[in-house]
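Asks: Sequence and predicted structure below; questions after.
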Amino acid sequence: MKRRSLLTTGALLACANLTGCATAKLFEDDKYQETVDRFLVSENGKKLVVLGQRYHYILDMPEHLQAVLEASYRQSVTAAFYGFVADGDKISGKFKLYVRRDRTRMTEGDRQRALVDGFTQHGGNLELVGSVSGTRYRTDGFKQEQVPSAFNEPYRIDVVETMTSAGKAVRLLATPVTLTVDGVLMIGAVVLFPVGMTLAKLAATGIGP
């Protein structure tokens, strides 16, 4: 009788453990890798738009990043995007801008302008770290094949997708980005322009997250 009781108890414990594992798995954060085709900035400078193959992301333009994109030294800057977290239709992440003295020549005027724009000096290099946030959208209905990638090699960003406590997937809206017959990308009546900046994976910067 005792043996039967022990076996039953063991089976119940095993079942409980398996249920616990299944429940934990259910609420684990998911991950995906976004392949980016283009980075764009809105005509009014208020939005940074990321065209991914999986989703589109419309981000509020950080003040420092806008200043850099408008600066004469912007072609000397390399950018890396990392640490992105998606929660339903909301997305947030970080960016790192840097200028390496041994690889890039900047005039003293541009260097001083960069410091005013938020860069800090680390040895002979310049660095600027910031964050971005905004909304992600489905690419349904967007003619992705008509907007080829702006990069010679795929640029990918890792995204952690958090699960809601209720375990329910949030229905995302379709992208508001449109492509005109003339090949112009727009959001509503606002024109989008390509971002002229060198991109690198975070590991390639050699300065860590």
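Replies: Sure thing, it's come through. Numbers count the residues shown, from 1 in each chain.
Asks: which residues of this structure fall in helices?
Replies: Remark: helices assigned in the chain by DSSP state H are 2-26, 63-69, 108-116, 202-205.
Asks: Tell me how many other residues crowd the nearest residue to residue 123 once chain neighbours are set aside.
Replies: In space, residue 123 comes closest to residue 101 once its chain neighbours are excluded; the distance is 7.8 Å by C-beta to C-beta, 6 or more residues apart in numbering. Where C-beta positions appear, they are placed from N, C-alpha and C, glycine not excepted. The burial count assigned to residue 101 is 13, neighbours taken as other C-beta atoms under 10 Å.
Asks: what separates residue 101 from residue 124, distance-wise?
Replies: Distance, residue 101 to residue 124, by C-beta to C-beta, to the nearest Å: 4 Å.
Asks: ditto for residue 162
Replies: Remark: distance between residue 162 and residue 124 (C-beta to C-beta) = 39 Å.
Asks: what about those two, which has more around it?
Replies: Between residue 162 and residue 124, residue 162 has the larger neighbour count (other C-beta under 10 Å), namely 14 against 9.
Asks: The more buried one contacts residue 87, correct?
Replies: Yes: between residue 162 and residue 87 there is a contact at 4.8 Å, judged by C-beta atoms under 8 Å.
Asks: tell me which residues form a beta bridge with the residue nearest the centre of the chain?
Replies: By C-alpha atoms, centre = their mean, the chain has its centre lying nearest to residue 84, at 5.1 Å. Listed by DSSP bridges, the beta-bridge partners for residue 84 are residue 159.
Asks: Residue 186 now?
Replies: Here residue 186, judged by DSSP bridges, has bridge partners residue 178, residue 191.
Asks: Could you count how many residues lie near it?
Replies: Residue 186 - counted by other C-beta under 10 Å - has 16 other residues nearby.
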